[in-house]
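# 3D, please:
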Amino acid sequence: MTRPLRILTWHVHGNYLYYLAQVPHEFYLPIKPGRPEGYGGRLPGFNWPSNVHDIPAEAVRETTFDCILYQSHKNYLEDQHEILSPAQRCLPRIFLEHNPPRQHPTHTHHPVDDPNVLLVHVTHFNELMWDNGRTPTRVIEHGVIVPEHMRYSGELERGIVVVNSMKRRGRLTGADVFQQVCAEVFVDLVGMDFEALGGLGEIDHDHLHAMAARYRFFFNPIRYTSLGLAVCEAMMVGLPIIGLATTEMVTAVQNGVTGYVSTSIPWLIERMHDLLTFPGQAQLLGEAARQQALDRFHIDRFSRDWEAALNLVTGKGTAVFPAIPLPASPPHL
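Coordinates of the predicted model:
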């Protein structure tokens with residue numbers, strides 16, 4: 001049996017890192033005094049498994065690794081030159097891109113333009129929109145874990161929104177959409193910097209699922225980011241999803257089956273009122289959303305996809321990625 005890989009990566013997105021740590025390899029997180037951006041290590045709020053290790057940034061050059069996993073543009077453009085040795089910068093490398101392009105949706109060149117790096121996107125939308133240059137790409141969709149006993153009850157006649165720093169990030173995360181909806185529907189906000197928009201607070205990852213399960217629906221007001229892990233987690237709990245018909249959301253939510261998506265805010269508000277009025281309808285949508293999450297966002301599939309990516313770059317074993325199903329042939333006109 002081959003030994004687990006030793007992978008150096010940075011703490012960029014805590015929720016994603018927690019799920020990535022379910023892949024059976026050893027992950028090393030550089031830390032610095034004061035825990036600045038990217039150097040937070042095993043921050044509180046997560047039940048980190050034993051295969052996740054903090055390592056002082058100054059000790060990284062003297063440590064043996066099998067793979068370097070970049071998770072932000074800063075990691076790639078700055079951090080690697082600061083903490084990695086020249087030999088480490090030549091190790092098998094993966095760049096995990098969490099976001100769609102910001103500068104321009106279709107004409108932005110990805111900062112990695114290297115045929116010797118694997119560029120992993122978290123959605124097919126992101127891979128489509130980035131100009132990936134010479135860099136080979138793969139898509140690894142999210143995988144999430146929700147404890148079996150945390151299931152939708154929906155007794156609260158309210159919706160829940162889970163977004164960090166919504167006020168600061170503004171239109172990108174739909175702060176104005178959230179406020180428009182709140183004028184007509186009872187919706188609670190959870191996340192970092194919640195005070196600016198009257199939210200409930202920041203909830204630890206371990207407690208968020210149980211809290212969300214009591215709400216009638218999950219609302220995602222975000223205009224332009226990747227498909228949020230909070231959406232996938234809410235689906236796994238069994239909440240019906242309401243959101244904007246943008247980015248990968250249009251593939252995750254089917255109108256009238258798992259929830260509702262639209263670019264019309266008034267229409268979405270009407271659907272919210274429907275779910276508040278008819279709890280049975282909300283429960284049926286939530287059950288379908290959970291089945292969709294089990295089929296698409298199961299942690300076992302996520303782990304297999306990451307194993308394949310790591311095998312590909314390190315040359316260990318055979319990298320097998322799931323086949324992308326072909327669409328049905330269009331009807332003859």
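
# use CA for all of it now, contacts and neighbours both
Noted.

# in this protein, where's the longest helix?
Among the segments of the chain that qualify as a helix by DSSP state H, the longest is helix 279-296.

# dump that helix to CSV, keeping only the CA atoms.
What follows is helix 279-296, C-alpha atoms only, in CSV (Å, rounded to 0.1, in the frame of the first residue of the first chain):
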residue,chain,number,x,y,z
PRO,A,279,-45.0,23.8,4.2
GLY,A,280,-45.8,20.5,2.5
GLN,A,281,-44.6,21.9,-0.8
ALA,A,282,-41.4,23.1,0.8
GLN,A,283,-40.8,19.7,2.3
LEU,A,284,-41.2,18.0,-1.1
LEU,A,285,-38.8,20.4,-2.7
GLY,A,286,-36.4,19.8,0.1
GLU,A,287,-36.5,16.1,-0.2
ALA,A,288,-35.7,16.4,-3.9
ALA,A,289,-32.9,18.8,-3.1
ARG,A,290,-31.4,16.3,-0.7
GLN,A,291,-31.5,13.5,-3.3
GLN,A,292,-29.8,15.8,-5.8
ALA,A,293,-27.1,16.6,-3.3
LEU,A,294,-26.5,12.9,-2.6
ASP,A,295,-26.1,12.2,-6.3
ARG,A,296,-23.9,15.2,-7.1
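
# please name the nearest non-neighbouring residue to residue 114.
residue 135 (5.0 Å; Cα to Cα, 6 or more residues apart in numbering).

# what of residue 43?
Per Cα to Cα, 6+ apart, closest to residue 43 is residue 14, 8.0 Å.

# residue boundaries of the strands in the stretch 201-333 of the chain?
Remark: strands assigned in the stretch 201-333 of the chain by DSSP state E, counting those that start in this stretch are 215-220, 241-244, 259-262.

# residue 26 against residue 51, yeah?
Yes: contact status for residue 26 versus residue 51: in contact at 4.8 Å, counting by Cα atoms under 8 Å.

# what about these two, which has more around it?
Taking neighbours as other Cα atoms under 10 Å, residue 26 and residue 51 compare with residue 26 leading, 18 against 15.

# since that was my last question, I'll sign off now.
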